[in-house]
Structures are given as structure tokens and as C-alpha cells.
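Undergrad: Can you look at this prediction? I've put the sequence above it.
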Amino acid sequence: MRDDDTPPGPAPVVELRAIEKSFPGVLALRGARLDLRPGEVHALMGENGAGKSTLMKILTGVYQPDYGEILVDGKHVKVTGPRDAQALGISIIHQELHLMNHLTTAQNIFISREPRRGFGMLVDEAQMNADAAALFARMKVDIKPTDVVGTLTVARQQLVEIAKALSYDAKVLVMDEPTSALNDREVDGLFGVITDLKARGVGVVYITHKMDEVKRIADRVTVMRDGQTIETLDASNTPISKIISLMVGRELADATRAEGGPLGGEVLRVQGLNRGPQVRDVSFSLQKGEILGFAGLMGAGRTEVARAVFGADLIDSGEVFIHGQKRVISGPSDAVKYGLAYLSEDRKQFGLVTGMSVRDNITMSSWQRFTKVGALMRDGDLRRVAQDYVAKLKVKTPSVDQETRLLSGGNQQKVVIAKWLLRDCDILIFDEPTRGIDIGAKAEIYKLLQGLAEQGKAIIVISSELPEILRLSHRIIVMCEGRITGELDGPTATQESIMSLATRCQSTAA
């Protein structure tokens, strides 16, 4: 793609050219590129899995590219690890902060690089504190070198991370979703620091999905999709609608949409659900025979809602009604008792015992049905019911005695589904149901879910793949930063309408 809308400017401080990177079974980057000028904020945007984080991990030495070039100040460089990146003046602030809460801010900033005295035998605490104070003064923030990090707010911890990056004399600073846990006042403070960094000539790569931030802080924006750089644009002159269109940019993989509709009758209602910052005042309902899609970008809170409803995580407040009756769900066993099933996005860790047989995995949650008081489980019944579900779901396995770890990802997912169908759960929550599954197996899973809905099962599908959400859902709930930002009719929703709601975040209250 040509970048015709990008105005001319000073020579880049960093350039990434034709970067390619593969992982087993995945081509993560295909000819990706990015350039950063001194004193600019360059927003890097794209859907989940677009390749943004992978590209930045290559810039900062976490990954090595299979092909491509990295230039710093016009010179080709090899960045073989994070230390190489730091030596070149490139630092990154990850979304997940890497600080030690029991240490002071100064100790966190200079850990393993402390100034020494007494022939290098002792840490010079006074010098270290003075150096940290100078960094905080440069950033114009009121943080003391002796403050213990664990006592600071997330916003102030974020500022400590920035100070740590600047202590390496960073001329390039990568910020990955830096405002995800900040309120409006704290965002204002962070943007003030970024403005000061720009004035000092520091180039900032700013990864975000918040459109309002792009308009407020970015000079240019680069959109990535499916591992490729799509286009680089001037932020101030580019409509938000165009950025969203570029982020989505692909045709629906299969034009088939959810047919029919709910059979009627509310089976689940959630009111005012709260759990920390991840789930904030979430309310929704689910009907018999309905597939309700939950969409949103990474960190939106979709999985956290599912875990809270299922009792895997205890809630702060809120109510859950099942078939019209208020239920207190203190753990997954309560949820299962009331007819709920949760298929985790990590099926190998939370859905299967991969060293056990297909038979045992299917029947493990229902063993009490195959026992008599004082008697052992009836092996013939276990085998017969497992074979029945293998046939129903078309699980490809030599026999029900096969170890589950030897099955393909799609067939493993079918085994998890069989386990919950045997429990005869009325409400099924599928979290990323086709993650790691090939295209053919995806189609089988889709057909299976649609068939379950036609039989009257009520289904929630959480997916990061917009074509999947659009194909399956009768209704779509969109989340951003723990809140529901909108609800769409499945048959008429578009990728653009979902992305518009998924980037309409509301900051936490100050």
C-alpha cells in the first residue's frame, strides 16, 4: 500500500522494513513496516492478532525477525535482545507493568544498574535517589524516589515505568495500551508527559484501540491487519471511520448468517455485574435457542464477564437470574448445578485432562450418573455413552480409549462440548470456541453450535474474530474496558459497526 496521505517530515529515528515473522503454524508478520520520526507520536492500530505487539517485540529485541531490516538513525542494526534495544535508546512500556512492589521507585528504575561507592562494593543510595528525583523533575511529576511502588496508584506506577525507560536515555519509547487502567485525570497527566517527551525529541510509538486518543495525541497513525502494514496516515486529517475501515478491511469469510431466532423464554439474566475494573455494571439477558455474541478488543472484559457469571471469579456485586429465579453462584459447581457450562478459551488447561482417554474426558463431569451407592462405575455404560457422543459430534478418533492429547484441536473441542452436553446444561458459554482450529473444523463447530441453538440450548459465544461473531450471533453485545458499549442485531451488524462500539471506551471515574 502506498502512504500518499503521509506528509513529508524529518528523517526517521527508527525504520522497520519488510519485516516477516513466523511461529509454528502461524505467519505473524508479512512485509510489515513502520517508521518513527523524532519528536512524534505514531499510533499503531489494528484488531487483535493484527501483528502490532509482534512487530514491537522485534523492535525491542524480544523476537528476532525471519526477514527484514531495522534501521536506527539511518544505520542498519541487529537487535538480538532487549539489552541491544536499550543500548540503541529503544525502550518499551508493556501493558502489564513490570515493577517490584516492595521496592522504592528509585530501586525499580535503577535495578541492576545502581550507582556504586566504596570501590563498587556498596549501592550509593543517595546518588540513586538524586538521579531518580531528576528524572521525575524532568517529567514534571510529583513522585518521590523513596516512595514504595506498591503504595502508588496504577497511573503513578505507569509514570515510574516511563522514568525507567528514560533512564536509558531513550530516544524511542513504545507504549502498549498505556491508558487501559487510567481515569480521565490520570490520562491528562500522562498526555502532558508525552507532550514534554515530544518537545525533547523523543519518538513515541503508541499502541491503542481508542480513537479519541489517536485524535488527541497522535501525529500519524499506521494501521495493521493480518500481519501486514496497510497504510500510514496523518492523524489529524483522517476520519475515524476510515481508520476503522482499514482495521477491518476484509470481506466476511462466509456470508451465511445466523438464521431463525430465539425460541422464546428468558433463561439467563445478569444485572449490574461488577468485578474490579474488568467488569463494570454489566447487564444482559439470554433467551432459549439464542446465540448471543460478545465482541470487543483484547482487555475488553468479555472473558471476565463469563468467568464471573460461571462463578470462576467471585463478583463484587450484581445479580444472576436463571429461568427467572435469582441464584447465588459461589463457584463453578453451583453454576453447573443450575445448568450452566463454560468452555474456556484454554481448553487444554481448563477443559480437558489431555492424558486421559476420550471416554473419561466426556464422562468425567457426570460420573455420579454411572454409579450406584457402594458400587463402582459401570464401565460399559461409560463406554456406550462416550461412543454415542463421539458419533453425534463426529469426533475423529480411532476409539474412545484414545488419549485426548493425540486428537486435533477441533476434535479436542468437540470432546469438551460432549462433556457439557452429557451434563444436559441449558446454558452454554463458549470462550473463543475455534481458537487454534483449522478452517474445516471451524465450519463443523459452527454447524454444531447452530444445531444446539435450534434444539433450544441458550448459547453465549465470545470471540475475537468478527466474521465468526457475525456468522453465529442473533444478537451481539460489544464491550470496551469492562463496560457494555452497545448492542447490535446480528443479521444486520457489520464489522465496522462492531469496531466503532469496541473503540468507544469510557474512562473510569476520577
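TA: That came through fine. Numbers count the residues shown, from 1 in each chain.

Undergrad: elements contacting the helix or strand containing Ile417?
TA: Using DSSP states H and E, Ile417 sits within helix 409-422. With contacts defined as 3 or more C-beta pairs under 8 Å, 6 or more residues apart in numbering; DSSP states H and E, helix 409-422 has these neighbours: strand 340-343, helix 347-350, helix 358-363, helix 379-392, helix 439-454. (C-beta placed from N, C-alpha, C; glycine too.)

Undergrad: Please name every helix or strand in contact with the helix or strand following it.
TA: Counting by DSSP H and E, the element after helix 409-422 in chain order, helix or strand, is strand 427-431. Using 3+ C-beta pairs under 8 Å, 6+ apart, the elements in contact with strand 427-431 are helix 302-310, strand 340-343, strand 458-462.

Undergrad: any chance of those in TSV, plus mean neighbour count?
TA: Supplementary listing: those in TSV, determined by neighbours: other C-beta atoms under 10 Å:
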stretch	mean neighbour count
helix 302-310	24
strand 340-343	24
strand 458-462	25
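
Undergrad: CSV for these, including mean pLDDT?
TA: Shown next, in CSV, are the helices and strands packed on strand 427-431 (pLDDT from 0 to 100):
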stretch, mean pLDDT
helix 302-310, 93
strand 340-343, 89
strand 458-462, 94
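
Undergrad: Turn the ones you listed into JSON lines, including distance to Phe119.
TA: Compiled in JSON lines, the helices and strands packed on strand 427-431 are given as follows (distance: least, C-beta to C-beta, whole Å):
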{"stretch": "helix 302-310", "distance to Phe119": "52"}
{"stretch": "strand 340-343", "distance to Phe119": "60"}
{"stretch": "strand 458-462", "distance to Phe119": "59"}
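
Undergrad: And those: which comes nearest Glu15?
TA: Among these, helix 302-310 comes nearest to Glu15, with 36.1 Å by C-beta to C-beta.

Undergrad: hmm, back to that, so the helix holding Ile417 versus helix 379-392, what angle?
TA: 120 degrees (axes from the mean of the first three to the mean of the last three C-alpha atoms, to 10 degrees).

Undergrad: Identify each buried residue in helix 409-422, please.
TA: Buried residues in helix 409-422, counted by 16 or more other C-beta atoms under 10 Å: 410-422.

Undergrad: so is Asp169 in a helix, a strand, or just coil?
TA: What DSSP: H, G, I helix; E, B strand; the rest coil gives for Asp169 is coil.

Undergrad: Kindly provide the distance from Asp316 to Thr146.
TA: Distance, Asp316 to Thr146, by C-beta to C-beta, to the nearest Å: 33 Å.

Undergrad: brain fart, Val123
TA: Per C-beta to C-beta, Val123 is found 14 Å from Thr146.

Undergrad: try Leu55
TA: For Leu55 relative to Thr146 (C-beta to C-beta), the value is 38 Å.

Undergrad: related to what we said a few turns ago, looking at the helices and strands packed on helix 409-422, which is closest to Thr494?
TA: Closest approach to Thr494 among the helices and strands packed on helix 409-422 is made by helix 439-454 (19.0 Å; C-beta to C-beta).

Undergrad: What does the most centrally placed residue in the chain show for phi and psi?
TA: Centroid-nearest residue in the chain: Met298, 2.7 Å away (criterion: C-alpha atoms, centre = their mean). Phi and psi for Met298, reported as degrees, to the nearest 10, are phi -60, psi 130.

Undergrad: what pLDDT does it get?
TA: Looking at Met298, its pLDDT reads 75.

Undergrad: Likewise for Leu428?
TA: pLDDT, read off for Leu428, is 92.

Undergrad: That one: neighbouring residues, count only.
TA: A count of nearby residues for Leu428, using other C-beta atoms under 10 Å, gives 23.

Undergrad: do the same with Gly339
TA: Burial of Gly339 is recorded as 18 neighbouring residues (other C-beta under 10 Å).
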